[in-house]
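In: Need coordinates for the below:
(chains A, B, C and D)
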There are 2 protein chains.
Amino acid sequence: MPADENALPEAGLCNGTALRKATRRVSQLYDAVLAPCGLRSTQRSLLIHIARAGAPSMGELAAALVLDRSALAHNLKPLERDGLVQVVVDPRDRRGRLVELTALGKAMLEESLGLWQDAQARFEAAFGPEQARSLRAALAMIASPAFTAAFERA
Amino acid sequence: MPADENALPEAGLCNGTALRKATRRVSQLYDAVLAPCGLRSTQRSLLIHIARAGAPSMGELAAALVLDRSALAHNLKPLERDGLVQVVVDPRDRRGRLVELTALGKAMLEESLGLWQDAQARFEAAFGPEQARSLRAALAMIASPAFTAAFERA
DNA sequence: CTCATTTAGGTGCATATGCTACTATCGGTC
DNA sequence: GACCGATAGTAGCATATGCACCTAAATGAG
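Out: Numbers count the residues shown, from 1 in each chain, chains lettered A, B, ... in the order given. Okay, the predicted model is just below:
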């Protein structure tokens, strides 16, 4: 038998690689459905989180999105340029900024709802609603601070 | 009750958002563990796939990674610059390129093995080995062409 | 053989993501 | 009230990812 008989048994075993592949695929599928409204899934996700939180600070928003602060700042720029969000200085702490949706941002979000529901329904149909719920729970657990703590403790 | 009583029920329900959050977290955790060897998890994944396939074409490699061809080309550049991989014209079809690991690339991959195993073991400890296996299976299913077909058929 | 078509990649642009270093502001201490 | 450490964001650089468009090469119709 060849020397590399058991070489690279790790292919397909890496949790990070499996996550990235699935994420790229799903991003592409969702983005294709969302395309008509002009929002990508990343941008819509950002707008949703802002809407949910009202007027969060950069730090709060970054934590909610499991996103680096600087990455959030970068991601906000095109949205700010296009008038979907505005960032204002927090009057109670002038170091901080509050991120808000503009009227246009709210309108775009509303307009995209139907398309998102379509993509989501297709996903559930292809993957199973129960399986999807369970997958989201697993992913949320992984994204949680508790998981990071357990990972670092191990 | 306020008008937005049932506003944005979709927060936390988007499969794409859940995937992206978990992927960012896991990338960060794995990258921190891999840091000493100078490879990021994305790059290591790329090298592993090349090693597995021997000398794949760009198209084959992109498909295996669920990655756009142009993204693959971009991702290869730093690795080529640093002498970990080389891209040569396919003699049997001069349109195509074959991607190969250099001796240095193989050495880096081998050197990173222990660190990857450490990260992987931590993940399994935090998430459960069975749950991890099952999660990877679900993610592989989502990344597969069959899933895309089912998504588009729905 | 010649040309249109198809196929494999490459390029340029835009967004996505994170690190490091820097700036501004707040809060507590003396 | 001036300093000092901690905290919130920003700026610059590098990689990651994808789209639209372009080039080169193989391939098939005639």
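In: For the longest helix seen in chain A, the averaged confidence score.
Out: Longest helix in chain A by number of residues (criterion: DSSP state H): helix A:103-127. Here helix A:103-127 scores 97 as its mean pLDDT.
In: What residues sit buried inside that helix?
Out: A:105, A:108-109, A:112, A:115-116, A:119-120, A:122-124, A:126-127 (16 or more other CB atoms under 10 Å in any protein chain shown). Glycine gets a C-beta too; all of them are placed from N, C-alpha and C.
In: Could you do stretch A:30-46 as well?
Out: A:30-31, A:33-34, A:37, A:39-46.
In: Mind listing what's buried along the helix or strand hosting A:Thr148?
Out: Secondary structure assignment for A:Thr148, by DSSP states H and E: helix A:145-153. Buried positions in helix A:145-153, judged by neighbour count with 16+ other CB under 10 Å: A:Phe147, A:Thr148, A:Ala150, A:Phe151.
In: ok and that helix relative to helix B:103-127, angle-wise?
Out: Relative orientation of helix A:145-153 and helix B:103-127, computed by axes from the mean of the first three to the mean of the last three CA atoms, to 10 degrees: 120 degrees.
In: what about helix A:145-153 and chain B, any contact?
Out: Yes. Counting by CB under 8 Å from any CB of the partner chain, chain B is contacted by helix A:145-153 at A:Phe147, A:Thr148, A:Ala150, A:Phe151, A:Glu152, A:Arg153.
In: Among those residues, give me the pair with the biggest separation.
Out: A:Phe147 and A:Arg153 (10.5 Å; CB to CB).
In: which neighbours do these two share?
Out: Listed as contacting both A:Phe147 and A:Arg153 by CB atoms under 8 Å, 6 or more residues apart in numbering or on different chains are B:Ala126.
In: Among the buried residues of stretch A:30-46, which ones lie close to DNA strand D?
Out: The overlap between those and the neighbours of DNA strand D (CB under 7 Å from any atom of the strand) comes to A:Asp31.
In: gap between A:Ser134 and A:Phe127?
Out: Per CB to CB, to the nearest Å, A:Ser134 is found 10 Å from A:Phe127.
In: Repeat that for A:Leu46.
Out: 24 Å.
In: contacts for stretch A:40-55?
Out: Outside stretch A:40-55, the residues that touch it by CB under 8 Å, 6+ apart are A:27, A:30-31, A:34, A:39, A:56, A:60-61, A:64-65, A:75-76, A:78-79, A:84-85, A:98-101, A:105-106, A:108-109, A:112, A:116, B:7-8, B:10-11, B:14, B:16-17, B:20.
In: is DNA strand C contacted by it?
Out: Yes. Stretch A:40-55 is in contact with DNA strand C by CB under 7 Å from any atom of the strand, via A:Arg40, A:Thr42, A:Gln43.
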